[in-house]
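# here is a sequence with its predicted model. Questions after.
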Amino acid sequence: MRSGAGGAEPRSAGALPAPDSDVLLAYARVLQREMLVGSRQPWLRGKNIAMVGTAGDVEAGALFRRAAVELGAKVAQVCPFPEGTPPTFVEVLQIARLIGRLYDAIEWPHAPADLLERFHAAAGIPVYAGLTAADHPTARLVNLLDAASSV
């Protein structure tokens, strides 16, 4: 699931619209070229990203964290709700507003779609789910990168 300025898109939607895919692929190729020549730009410098989830999600988010940090972002693990206790509607709104003031974006793998949508609406910042997951719509773009991307 990805939530952005235009609303929420279910991760299960399968594919990104062609214009979005083209733009993402162009940016991925820029990042790929930078990596190959050894001059990576800090594209995310000054950005604060919240990795939301439980302690068990830390390992699952390691790839996302590494990529974001290498691009200059500061990434913090945030566990806003106690494990095993579903948050109330009011708690979601309060925590989302606070996180929206502290962070520029949220990556929240494994969160239910309805919770992500409510969180995005209250936080007012992009909310992503599972950007590094094999079933995320962006994952298929990897196959479209040049062969050198598998370095």
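Arrived safely. For clarity, every value in this text was computed on a predicted model and none was experimentally measured. Numbers count the residues shown, from 1 in each chain.

# could you use CA atoms for every contact and neighbour count after this?
OK.

# and the helix or strand harbouring Ala28, which residues are buried?
Ala28 is located in helix 18-37, with elements delineated by DSSP states H and E. Neighbour-count burial for helix 18-37 flags Ser21, Leu25, Ala28, Arg29, Leu31, Gln32, Arg33 (criterion: 16 or more other Cα atoms under 10 Å).

# quick one: pLDDT of Gly130?
At Gly130, the model reports a pLDDT of 85.

# what about the chain, any weak spots by pLDDT?
By pLDDT under 70, the weakly predicted segments of the chain are 1-14, 54-60, 146-151.

# can you give me the strands in it?
Listed in chain order, the strands of the chain (DSSP state E) span 2-4, 7-9, 48-52, 74-78, 105-107, 127-128.

# got a markdown table for these, with mean neighbour count and distance to Glu91 too?
Output for the strands of the chain, formatted as a markdown table (neighbours: other Cα atoms under 10 Å; distance: least, Cα to Cα, whole Å):
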| stretch | mean neighbour count | distance to Glu91 |
| --- | --- | --- |
| strand 2-4 | 21 | 20 |
| strand 7-9 | 16 | 21 |
| strand 48-52 | 23 | 15 |
| strand 74-78 | 17 | 15 |
| strand 105-107 | 25 | 17 |
| strand 127-128 | 24 | 17 |
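
# and Cys79, how far is that from Ala28?
30 Å (Cα to Cα, to the nearest Å).

# ok, now Val92?
From Val92 to Ala28 the distance is 33 Å (Cα to Cα).
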